[in-house]
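> What follows is a predicted structure for the sequence shown.
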Amino acid sequence: MDSIRSKKRSNGMWLPKLQTPEDSRVSKGMRRKRFHEKISMCVNKMAIKTLVAMGVKSLALDHKGILGLEPCLICTTPVRLAYDEKLKRYTVRKCFLPQQLVCALVQLVTSFSILHRVYLPLTTLLGNKKSLVAYFDFMDESLVNFYIYFYFYSHWFHTEWIEELVVSVQTTKLRRFSTLQCWQAKLFAFALGATTFILSINWIRSVHGISLSSLESFLASGESNAKIIFWNNKDTKMSTITSVMAIIARFYNCLYHQMIMNSFLPSSMLMIYWIGKDFFNGIKQEKLDVSEVLTLYEEYKLVIIKGNNYCSSYLWYYINVILLFHGMHLFDTLNYNEFWWKTSMYIYYVYTWLNLWLPVSLLIHTKELKRFLWKDRNYLTLERRQLVILLHDMIPGLPRKGIKAGEFSVSSGFCATVISTVWSNSMLISLSKFTSRP
């Protein structure tokens, strides 16, 4: 067989190689390996794009041209994801100067709406200091709107927070365990963008009174909002440009806080969750050496650190918002008949479940490492000091193992406390409304 495969023609050309059964198995294995590598690369590209996803995404599989409606294109952030041909990965870069200028202008105009959103509940509180609802409303509006400036600050001056997470997701050795399908990542990006856009449209319609029925009513509602946020009298005639600027301010005001809570936060947590879940499931299914698993576990903790640097403040902000917002509006689905508002509340319930379930589920998956050490008595291969440190690392709720909210590890006990607090606040506010009736 070898003589046939190595035989030369008289003209110097090689004869085609005859494929043996061993070669067939090797080639199939190589094709399977390359296929999984392509799927893993594609999945991580989708996850990285989802981190800054806003709008309906149209994603291509080629790394040289991923198409989509990015935040920089709708002027919500001055940074963008760009593929570096030399490094062969995505990096975070500043947008082009015209885009940065438009983004800064949009954020400046939005500030008028933000200040009015805080000023209105403040005047209500000062006029009725005995109302518990007024205190909750003022704290909720202050937190929701002023945190937008932290978002501005981080994306203008601390892009390294995003860069570290984006790089760690692409370069981590844990990608070898990835089982996520491309269509799942694309579907998630589409759902996030569409839901965030729908919620933003519903808020400017129901909260700010922007009419979408006709162009005349649209501009008229914009004029009334312009008189409010630009501090003009009711009798003042506003130009069409000013009315449009007011509508832009209201829309981006809603878009920013919807995007922070309902797009950036679940996106960043899901990237960490996918990587961690597949890793812990992988060590359960594959036969790996103890030293290799411990090395990969250190890699996992590094991804957790980079992820928490970016999303822990967002999660802490989100938890405080739901304590206030759901404390006031938990029973709105029962008390209101307006279809779109009830739909928005149901969507918020799903987001609350998702943003609390992801960190808890990831912590549950970390228990697979303890089972791996116990399996076949793998712990006997470790030194005593190394084993003690590793067991201490497995204490439930340890921040190095999972996603944090501020300085708190989000465990099942922590989530139970949040849910019970929301319920208590809601009952307390409902009681205060009932007792305040004449």
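Alright, I've got the coordinates.

> What helix or strand is the spatially most central residue of the chain located in?
Nearest to the geometric centre of the chain sits residue 267, at 2.5 Å (C-alpha atoms, centre = their mean). Using DSSP states H and E, residue 267 sits in helix 265-285.

> now for that helix, which elements pack on it?
The elements that helix 265-285 packs onto, with contact taken as 3 or more C-beta pairs under 8 Å, 6 or more residues apart in numbering; DSSP states H and E, are helix 21-51, helix 160-171, helix 182-206, helix 290-329, helix 339-365, helix 367-374. Every C-beta, even on glycine, is put in place using the N, C-alpha and C of the backbone.

> quick one: contacts of the last one?
Right, helix 367-374. Contacts to helix 367-374, defined as C-beta atoms under 8 Å, 6 or more residues apart in numbering, come from residues 280-281, 283-284, 290, 293, 297, 378-379, 382, 390, 394.

> circling back to that earlier point, what angle do the helix holding residue 267 and helix 160-171 make?
Orientation check (axes from the mean of the first three to the mean of the last three C-alpha atoms, to 10 degrees): helix 265-285 against helix 160-171 gives 30 degrees.

> Would you mind getting the angle between helix 265-285 and helix 182-206?
Counting by the same axes, to 10 degrees, helix 265-285 points 160 degrees away from the direction of helix 182-206.

> what mean pLDDT does helix 265-285 have?
Averaged across helix 265-285, pLDDT comes to 89.

> cool, and stretch 402-413?
87.

> Span of it from start to end?
Using C-alpha to C-alpha, to the nearest Å, the end-to-end distance of stretch 402-413 comes to 14 Å.

> Give me the contact list for it.
Residues outside stretch 402-413 that contact it (C-beta under 8 Å, 6+ apart) are 269, 272-273, 304, 307-308, 311-313, 315-316, 318-319, 356, 358-360, 362-363, 366, 396-399, 401, 414.

> now the residues you listed: which count as buried?
Buried subset of the contacts of stretch 402-413 (neighbour count, 16 or more other C-beta atoms under 10 Å): 269, 272-273, 304, 307-308, 311-313, 315-316, 318-319, 356, 358-360, 362-363, 366, 401, 414.

> what about the helices in the stretch 1-150 of the chain?
In the stretch 1-150 of the chain, the segments counted as helices under DSSP state H, counting those that start in this stretch are 2-5, 21-51, 97-127, 132-157.

> And the ones you listed, which one averages the lowest pLDDT?
Across the helices of the stretch 1-150 of the chain, helix 2-5 has the smallest mean pLDDT, namely a mean of 43.

> Residue 216: which element?
helix 215-229.

> right, I mislabeled it, should have said residue 244
Here residue 244 is assigned to helix 240-259, by DSSP H and E.

> coming back round to it: so what does the helix holding residue 216 touch, helix or strand wise?
Judged by 3+ C-beta pairs under 8 Å, 6+ apart, the packing partners of helix 215-229 are helix 97-127, helix 240-259.

> what's the angle from it to helix 182-206?
Counting by the same axes, to 10 degrees, helix 215-229 lies at 70 degrees to helix 182-206.

> Next, find the distance separating residue 77 from residue 266.
Between residue 77 and residue 266 the computed distance is 17 Å (C-beta to C-beta, to the nearest Å).

> higher neighbour count, these two?
Between residue 77 and residue 266, residue 77 has the larger neighbour count (other C-beta atoms under 10 Å), namely 27 against 23.

> circling back: neighbour-wise, which one of the contacts of helix 367-374 leads?
residue 280 (23 neighbours).

> Next one: it from residue 179, what distance?
12 Å.

> Other residues contacting stretch 295-315?
Defining contact as C-beta under 8 Å, 6+ apart, one finds that stretch 295-315 is touched by 150, 161-162, 164-165, 167-169, 172-174, 260-261, 264-265, 268-269, 271-272, 275-276, 279, 283, 288, 355, 359, 369, 399-406, 410.
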